[in-house]
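Engineer: here's a sequence, model it:
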Amino acid sequence: MVAEAGTERRPGLIEQIAEDMRERIVSGAWPVGSRVPTEPELAALVGAGRNTVREAVQALVHAGLLERRQGSGTYVLATSELPSAIERQFACASQREVLEVRQALEIVSASLAAQRRTQPQVEHLRHLLAQRTTAVDQGDLDSMVSADLALHRYIAEMTGNAVLAELYSTVLSAVVDNIRFNFLHVNQEGNSHEDLVEAIAQGDPAAAARQIEHYLGQMSQSLRGQKPAEQNGLTPNATC
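Structural biologist: This is a model prediction of the structure:
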């Protein structure tokens with residue numbers, strides 16, 4: 001319990017209460033998706049005024065850990081502030097910056113996936129490739145983007161590295177915009193991803209990495225051909 005003091009200590013008290021709530025979220029005492037106690041209940045729980053509790057809750061909302069739902073209450077959104085922080089950073093990123101991050105993550109992912117793949121994983125990867133091919137043949141841009149993202153995301157999961165897979169998941173919104181840019185502006189000849197999937201299936205890390213380098217390298221070349229404003233422009237969802 002945190003005892004409320006004079007107004008001169010109020011900012012520190014808000015931080016203390018926010019940290020107390022953060023610990024409950026991280027520990028699982030308040031699971032993701034659960035509704036946290038109401039303001040009066042929280043005030044009684046931590047021994048502070050409702051205004052102080054309200055500001056502490058707002059701090060965690062801003063951090064991306066909590067979410068207010070009109071007429072329903074406040075719910076646990078995440079156990080880490082990292083996804084929210086990364087999302088805010090990517091909101092102001094250029095296509096080139098996002099591409100460079102994709103290169104860093106996906107080249108390593110493809111190489112590790114080729115080393116560690118299992119037969120069931122290879123079969124599912126081939127299934128995702130077939131979905132991507134169908135979407136491309138039909139020319140449905142939204143389906144193409146969705147299928148391409150699913151394939152690359154699964155490759156990150158195939159690495160068996162939970163941290164790498166989670167890191168890739170945190171940048172999905174920016175990757176979606178980048179994939180859409182790719183389909184709209186880059187010549188898709190040779191980008192069927194069949195060679196990438198085959199390299200992973202055959203357990204060839206070097207070949208898998210080369211396929212990603214080639215695929216994203218074409219995007220890099222396309223960006224160099226864009227006007228400066230387009231080349232460095234913010235991703236479509238940016239609000240900066």
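
Engineer: please count neighbours and contacts with C-alpha atoms only from this point.
Structural biologist: Fine.

Engineer: which residue ranges make up each domain of the chain?
Structural biologist: Per the record, the chain has its domains at 7-79, 83-231, by automatic domain parsing.

Engineer: turn the ones you listed into JSON lines, including mean neighbour count.
Structural biologist: Below are those laid out as JSON lines (neighbours: other C-alpha atoms under 10 Å):
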{"stretch": "domain 7-79", "mean neighbour count": "16"}
{"stretch": "domain 83-231", "mean neighbour count": "18"}
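
Engineer: export these as a markdown table, with columns for mean pLDDT.
Structural biologist: Listed next are the domains of the chain as a markdown table, based on pLDDT from 0 to 100:
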| stretch | mean pLDDT |
| --- | --- |
| domain 7-79 | 88 |
| domain 83-231 | 88 |
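
Engineer: where do the helices sit along this protein?
Structural biologist: Under the criterion DSSP state H, helices of the chain are mapped to 10-27, 39-46, 50-62, 82-91, 95-116, 119-138, 141-158, 162-170, 172-185, 194-201, 205-224, 228-231.

Engineer: could you redo those as a markdown table and give each row distance to Gly33?
Structural biologist: Putting the helices of the chain into a markdown table (distance: least, C-alpha to C-alpha, whole Å) gives the following:
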| stretch | distance to Gly33 |
| --- | --- |
| helix 10-27 | 11 |
| helix 39-46 | 18 |
| helix 50-62 | 14 |
| helix 82-91 | 16 |
| helix 95-116 | 29 |
| helix 119-138 | 29 |
| helix 141-158 | 24 |
| helix 162-170 | 18 |
| helix 172-185 | 21 |
| helix 194-201 | 36 |
| helix 205-224 | 36 |
| helix 228-231 | 39 |
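
Engineer: so which of these comes closest to Tyr75?
Structural biologist: In terms of C-alpha to C-alpha, the element of these nearest to Tyr75 is helix 50-62, at 9.4 Å.

Engineer: that closest one packs against which elements?
Structural biologist: helix 10-27, helix 39-46, strand 66-69 (3 or more C-alpha pairs under 8 Å, 6 or more residues apart in numbering; DSSP states H and E).

Engineer: okay if I get those as JSON lines plus distance to Met158?
Structural biologist: Shown next, in JSON lines, are the helices and strands packed on helix 50-62 (distance: least, C-alpha to C-alpha, whole Å):
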{"stretch": "helix 10-27", "distance to Met158": "27"}
{"stretch": "helix 39-46", "distance to Met158": "42"}
{"stretch": "strand 66-69", "distance to Met158": "31"}
